[in-house]
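K.L.:
sequence-free structure coming up:
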DNA sequence: CCTAATTGTTATAGTAAGAGTAACATATTT
DNA sequence: AAATATGTTACTCTTACTATAACAATTAGG
């Protein structure tokens, strides 16, 4: 699952939880509503539970529940919860047999550049809340 | 070859051409200097030739030659020459059997978001010239 | 005109990554 | 104890990628 698909899948699930708050929803229910595989959903939601965006309750009558106000959930923290790898990252695995070791400088240069780009992307995502998205998509939150 | 690796490989090759200007260099020579496979280099450089960043000359005594002043070559145009796919792009291949078709709205939302991010990335790259990079890496251009 | 050398493009073989699902341990309620 | 969730790992299948090779197209020089 690509980073972008993970992100949109997570947002879909979170929107559904905001809509149905405060009733816990199982991965199966969310899967039926969103069309995302229940197993994959559990993988995503368990990561979102670790960063306290949702609460997960095991056992009978268990399920997932929004833990934070949609106003206070930002795309960036969702992204960071589900993805450790950078969005725009350099493959430095190139074991070239070059005599010239200026390649090291090149790699450093690009790593720095891509880090700067990554910062920009995260800054953009930091300014978008789940509520913003729901408003734009005209979904009503039932979060108290 | 990932987008980022293509970009850094292209820049390495272009720097080498700027350094050795105006002597045409074969893909084999560039390969030896940069540690990038000659066949891959030809693939990259032939794309850079189509966008008039380099000149390619076939046949005996042929090779590659810088066509533009390093001052006027920007990362963004290099990137666009070698990559048609977007850096941060959404997998909309998710054929979900969901009854709810709000997924269409979600996908549209994220496509728009990722397009905006892409614009930012390209803007950043538009402000970096090959000369900038060479200065930063202390490589001297012999472009007349 | 023929040969050598080079780019341009396609193909190929081997490896790695990813998607989708299944299986099962862990936990919790009744 | 049984039923039902999550959490995590594993498995299969397909897809993508990597690196290289092969060869057609092109050009210079004798």
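P.N.:
It's in. Predicted model, so just to flag it, every value in this text is computed and none were measured. Numbering: from 1, shown residues only, chains lettered A, B, ... in the order given.
K.L.:
and the angle for the lengthiest helix in chain A with helix B:103-126?
P.N.:
What stands out as the longest helix in chain A, according to DSSP state H, is helix A:102-126. Orientation check (axes from the mean of the first three to the mean of the last three CA atoms, to 10 degrees): helix A:102-126 against helix B:103-126 gives 140 degrees.
K.L.:
which strands and helices sit next to helix A:102-126?
P.N.:
Using 3 or more CB pairs under 8 Å, 6 or more residues apart in numbering or on different chains; DSSP states H and E as the contact test, the elements touching helix A:102-126 are helix A:75-82, helix B:3-20, helix B:103-126. (Glycine included, C-beta is placed from N, CA and C.)
K.L.:
Of all those helices, which one is nearest DNA strand D?
P.N.:
With CB to the nearest atom of the strand as the criterion, DNA strand D lies closest to helix B:3-20 of these, at 6.1 Å.
K.L.:
List, one by one, the residues from chain A near DNA strand D.
P.N.:
Counting by CB under 7 Å from any atom of the strand, the residues of chain A close to DNA strand D are A:25-28, A:38-39, A:42-43, A:45-46, A:49, A:56-60, A:62-64, A:91, A:93-94.
K.L.:
Am I right that residue A:142 falls within a strand?
P.N.:
No: going by DSSP: H, G, I helix; E, B strand; the rest coil, the assignment for residue A:142 is coil, not a strand.
K.L.:
So which bits of chain A are right by DNA strand C?
P.N.:
Counting by CB under 7 Å from any atom of the strand, chain A sits next to DNA strand C at A:1-2, A:5, A:37, A:39-40, A:57-62.
K.L.:
Repeat the analysis, applying 6 Å as the threshold.
P.N.:
A:1-2, A:5, A:37, A:39-40, A:58-61 (CB under 6 Å from any atom of the strand).
K.L.:
buried residues in the lowest-mean-pLDDT helix or strand in chain A?
P.N.:
Least confident helix or strand of chain A, by mean pLDDT, DSSP states H and E, is helix A:102-126 with a mean of 84. Neighbour-count burial for helix A:102-126 flags A:102-103, A:106-107, A:109-111, A:113-114, A:117, A:120-122, A:125 (criterion: 16 or more other CB atoms under 10 Å in any protein chain shown).
K.L.:
Centre of the chain to it, how far?
P.N.:
Relative to its chain's centre, helix A:102-126 lies at 20 Å (CA atoms, centre = their mean, to the nearest Å).
K.L.:
try stretch A:48-67
P.N.:
That offset, for stretch A:48-67, works out to 16 Å (CA atoms, centre = their mean).
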